[in-house]
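K.L.:
Model the following, please.
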Amino acid sequence: MPTAVPPGAGRPSAQPTNRRSPHTARPDAAPDADPGASLPDLVHLAAPARAVAVPVPGADPAAEPAAGSAVEPRGRAAFRPDIEGLRGVAVLAVLAFHAAVPAFTGGYVGVDVFFVISGYLITGLLLARPLGLRDFAARRARRILPAAAVVLVATALAGGALLDPLRGTDLARDLIAAAGQFANWRFVGQQTDYLAAERDPSPLQHFWSLSVENQFYLLWGVLLLGLARYLTGRRRTAAIAVAITAIGGVSLALGIRWTAGSAPLGYFSTAGRLWEFAAGAGAALLGTTLARRLAHTGPHTGPHTGRAVRPSARPAAPALRLLGPALRLLGWAGAAAVLLAVFRYDRNTPFPGTAALLPVLGTAAVLLAGPAHRAPGAADVGRLLATRPLRAAGRLSYAWYLWHWPVLTIAQARYGTLPWTTLAALTAASALPAWLTLRLVEQPLRHGGSAAPRRGLAVGASALVIPLIAGLTLGGGTVRALGDSGPPTVVPAGAVDGPALLAPGSRVLTLTPSPARAREDFPPGRGCEIPLGADTSPRCLFGTEDSPDRIVLLGDSHAGQWISGALALAGQRHWALEVLVKPGCPLATLTVRNNVLGRTFEECDRWRENTLTRLATGPKPRLILMAGLNRYGGQEERAEGWTRTLDRLAAVGTPLAYLGDTPMPGKDIPTCLAASDGRSDACSFPRASAFERDPLTDGGLAARYGVRVLDLAPLLCPGTGPDCPAVLEGVVLYRDTGHITDTLARVLAPRLDKELLGPA
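P.N.:
Below you'll find the predicted structure:
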């Protein structure tokens, strides 16, 4: 399922069902349409002092003088049809990527194109015509927020009608974050959480980029308007250049660092993206100087009319005469760079990081080489971008981007994974509500009524409050649909052995835990499951912590799911339980790629080495209990990796035990149960995909190293039928797509005690 997350980020984006995203989205990628894209490009041309500004179709009225008015050259508003076409290229690339159209594997770079355009346009506007802060905020609110509010409310209504209550609850939270303009930070938190990253992408995940845009506008508007108030002329220009360089440099360094350390943080965070806007701002500043110089090189066409503009009478230097052709070549090179990223990047490309330099600098080059620098009849990229189909897509880009992602995600949540042809058809169909939003919301509010700041701010406030109310209403409705969660789950007694899960006489009358509680049914001590970037486990003890005897629970998150069961073993003997767990990191000695980080999981290799050394040099435990996901690498790699690890552990001289991996549903079980009104037989999953061959249980390694093994597969997936159950004897077995509920771990504790610590 395509996602709006980082190409290699975690869910959303890279393990089998894990994500999206990068975008897990790998993450979402989720580009955003440029909210400022309807602003005219303010290129300062050295034209006659009484030049007439050509009215700009669809532009912000504040950005263009009235037709026929006399303006100074610095204030001339010149419409750039090539920028409109460039927006069309960007949105088509993004839409094709989200629809999983073959070849458009790097279409997520469209977001970077939009960011650069935004920095270019807003800087050009503020340089040419400084506004008051209230006026600036009002115009941005009128331009951006109403269309977004329409999509948010429509998504809330569709989600309430078509999604199950659990997804509806998530959507309500996402809606509040999107309306409040902090959606990017919500998704940073979700995607950097290894476990939360396994959930399906949100219908509003693409609003992360709109939040980044608005946070940029706030920062950049205050900065430039402040400089315009206290500085003028060359001093203001120099100060802006310094600000662009400083902000852009720091942001680029952070983006590269975060992309290497946490793909979601690098992808979704504002600080890691500001350099892309700064690149556009730098292009606007440099474009002003180039336009003045080019005014002396000879006849060239006006940017909107195509008519020749009279050059200065002063002869141009040979270098200046070459500047126009050089810029045209630069434009073609920039367009090629953007297209190269669109067709060559994919979900495995660490992004943004240094990889984003290609589309960002390419977009800046196209903006610099715009039609204002074109000689009559010259072949430049601006002519291609200004063609009608691309301009039409560009005009629709903002609304189309807002509408397409909810359509795709809600359809797939409702009907399952869809082929790319169906996704492409749904994306094309979303152009209809986008067009209606453009004609009935965007354009009337932009051009109609009073231009007073107070009115614009009132429109913006309404566009914030109404979606917030919709989110709260949706959240309240889903809570009622899920019902009263009631008191904490009562854990039934588990059988010590045999084919039954529960002890004789134990009965469960309703689903335990309830679907709503199952999603949050985690073991204690989640802090023991260290962050992905950490390479050393802290001191994490449970039970009788001062006891000289302890059990060590060792492995990844599939070991962490057994904390309660292992604690019961230690508690009965007044021992301590030490938890050494790192999510996504195999205990078998093999190097893996992490989808959340979007790169080789180097921290895993260091953690494993540190942990094995710690066990070899520290006090001997009474038992080392191993567990983990049995899906890293191929079968031969796993066998070789386990051999290397068991060699190290056997040398510790402590008894070893192993819990065979639990079945993998591959789908969110609590969500499925909520959608099926709690029918326990509705969410079974194929036995064929639930298991992988295990070197310890099937390969003879356990016998070679004297490892005591408990394989729970026959109990959790009984019989020989084609499917495995999601609910067994009334107990909900899984809290997500692959981890068991803590309730199940507690039910199985008596069985673990007998099999792992009972008589040999």
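K.L.:
Settle this for me: A149 is touching A179, isn't it.
P.N.:
Yes - contact criterion Cβ atoms under 8 Å: A149 and A179 qualify, at 7.5 Å. In short, each C-beta sits where N, CA and C put it, glycine included.
K.L.:
Just list the residues touching A103, thanks.
P.N.:
Taking Cβ atoms under 8 Å, 6 or more residues apart in numbering, we find A103 in contact with F343.
K.L.:
Next, it: phi, psi?
P.N.:
Main-chain dihedrals, A103, degrees, to the nearest 10: phi 90, psi -30.
K.L.:
Please report the distance of it from A260.
P.N.:
Counting by Cβ to Cβ, to the nearest Å, the gap from A103 to A260 is 28 Å.
K.L.:
Repeat that for G85.
P.N.:
35 Å.
K.L.:
Likewise for T743?
P.N.:
Counting by Cβ to Cβ - T743 and A260 are separated by 38 Å.
K.L.:
cool, and L649?
P.N.:
On the measure of Cβ to Cβ, L649 and A260 end up 31 Å apart.
K.L.:
more crowded one of the two?
P.N.:
L649 (21 against 17; other Cβ atoms under 10 Å).
K.L.:
What strand or helix carries that one?
P.N.:
helix 635-650 (DSSP states H and E).
K.L.:
what do you get for T671?
P.N.:
Using DSSP H and E, T671 maps to helix 669-675.
K.L.:
I'd like the average pLDDT over that helix.
P.N.:
Across helix 669-675, pLDDT averages out at 88.
K.L.:
in it, what counts as buried?
P.N.:
Buried residues in helix 669-675, counting neighbours by 16 or more other Cβ atoms under 10 Å, are found at I669, P670, T671, C672, L673, A674, A675.
K.L.:
What of stretch 346-359?
P.N.:
So, applying 16+ other Cβ under 10 Å, buried residues of stretch 346-359: 346-353, 355-359.
K.L.:
With stretch 123-130 instead?
P.N.:
T123, G124, L125, L126, L127, A128, R129, P130.
K.L.:
Now flag whichever of those is closest to G628.
P.N.:
Nearest to G628 out of the buried residues of stretch 123-130 is T123 (Cβ to Cβ; 51.4 Å).
K.L.:
Now do the contacts for the closest one.
P.N.:
W220, L224, I240, G280, A281, A284, L285.
K.L.:
Pull up the gap between it and L286, please.
P.N.:
On the measure of Cβ to Cβ, T123 and L286 end up 11 Å apart.
K.L.:
Check G272 too.
P.N.:
24 Å.
K.L.:
who has more neighbours, those two?
P.N.:
The neighbour comparison of G272 against L286 (other Cβ under 10 Å) goes to G272, with 26 against 15.
K.L.:
The more buried one and G266 touch, don't they?
P.N.:
Yes - counting by Cβ under 8 Å, G266 is a contact partner of G272 at 4.8 Å.
K.L.:
Which neighbours do those two have in common?
P.N.:
Counting by Cβ under 8 Å, 6+ apart, the residues touching both G272 and G266 are L254, G255, W258, T259, P352.
K.L.:
Excluding chain neighbours, what is closest to the third one?
P.N.:
Read that as W258. With Cβ to Cβ, 6 or more residues apart in numbering as the criterion, W258 has its nearest non-adjacent residue at 3.5 Å, and that residue is G266.
K.L.:
check which helix or strand covers the one you found.
P.N.:
helix 263-268.
K.L.:
which residues of the protein fall in strands?
P.N.:
Under the criterion DSSP state E, the chain contains strands at 300-301, 308-309, 541-543, 550-555, 576-581, 593-594, 599-600, 623-627, 656-659, 685-686, 708-710, 723-724, 727-728, 731-732.
K.L.:
Arrange these in JSON lines, one row each, with mean neighbour count and distance to L204 as further columns.
P.N.:
Formatted as JSON lines, these follow (neighbours: other Cβ atoms under 10 Å; distance: least, Cβ to Cβ, whole Å):
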{"stretch": "strand 300-301", "mean neighbour count": "20", "distance to L204": "43"}
{"stretch": "strand 308-309", "mean neighbour count": "16", "distance to L204": "46"}
{"stretch": "strand 541-543", "mean neighbour count": "20", "distance to L204": "38"}
{"stretch": "strand 550-555", "mean neighbour count": "26", "distance to L204": "35"}
{"stretch": "strand 576-581", "mean neighbour count": "26", "distance to L204": "32"}
{"stretch": "strand 593-594", "mean neighbour count": "20", "distance to L204": "26"}
{"stretch": "strand 599-600", "mean neighbour count": "15", "distance to L204": "27"}
{"stretch": "strand 623-627", "mean neighbour count": "24", "distance to L204": "36"}
{"stretch": "strand 656-659", "mean neighbour count": "24", "distance to L204": "38"}
{"stretch": "strand 685-686", "mean neighbour count": "17", "distance to L204": "28"}
{"stretch": "strand 708-710", "mean neighbour count": "17", "distance to L204": "43"}
{"stretch": "strand 723-724", "mean neighbour count": "20", "distance to L204": "33"}
{"stretch": "strand 727-728", "mean neighbour count": "21", "distance to L204": "30"}
{"stretch": "strand 731-732", "mean neighbour count": "28", "distance to L204": "28"}
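K.L.:
Same list, the ones you listed, but as TSV with distance to R644 and mean pLDDT please.
P.N.:
Formatted as TSV, these follow (distance: least, Cβ to Cβ, whole Å; pLDDT from 0 to 100):
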stretch	distance to R644	mean pLDDT
strand 300-301	68	46
strand 308-309	72	46
strand 541-543	28	92
strand 550-555	15	96
strand 576-581	18	95
strand 593-594	19	86
strand 599-600	18	84
strand 623-627	14	96
strand 656-659	15	96
strand 685-686	32	94
strand 708-710	19	94
strand 723-724	31	94
strand 727-728	36	94
strand 731-732	37	94
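K.L.:
and Q191, which of the ones you listed is closest to it?
P.N.:
Per Cβ to Cβ, nearest to Q191 of the strands of the chain: strand 593-594, 12.3 Å.
K.L.:
quick check, distance from that closest one to the centre of its chain.
P.N.:
Put simply, strand 593-594 sits 17 Å off its chain's centre (Cα atoms, centre = their mean, to the nearest Å).
K.L.:
Give me the sheet partners of it and which way each runs.
P.N.:
Partners of strand 593-594 in the sheet, by DSSP bridges, are strand 599-600 (antiparallel).
K.L.:
residues making contact with the partner strand?
P.N.:
Contacts of strand 599-600 (Cβ under 8 Å, 6+ apart): G8, A260, A263, P350, T591, V592, R593, N594.
K.L.:
Name the nearest of the residues you listed relative to P513.
P.N.:
Using Cβ to Cβ, N594 comes nearest to P513 of those, at 29.6 Å.
K.L.:
Name the nearest residue to the closest one, sequence neighbours excluded.
P.N.:
Residue nearest to N594 in three dimensions, not counting chain neighbours: F601, with 3.9 Å by Cβ to Cβ, 6+ apart.
K.L.:
Can you name the residues that contact that neighbour?
P.N.:
Contacts of F601 by Cβ under 8 Å, 6+ apart are L532, G584, C585, T591, V592, R593, N594.
K.L.:
and the least confident of those residues?
P.N.:
Within the contacts of F601, pLDDT reaches its minimum at L532, with 81.
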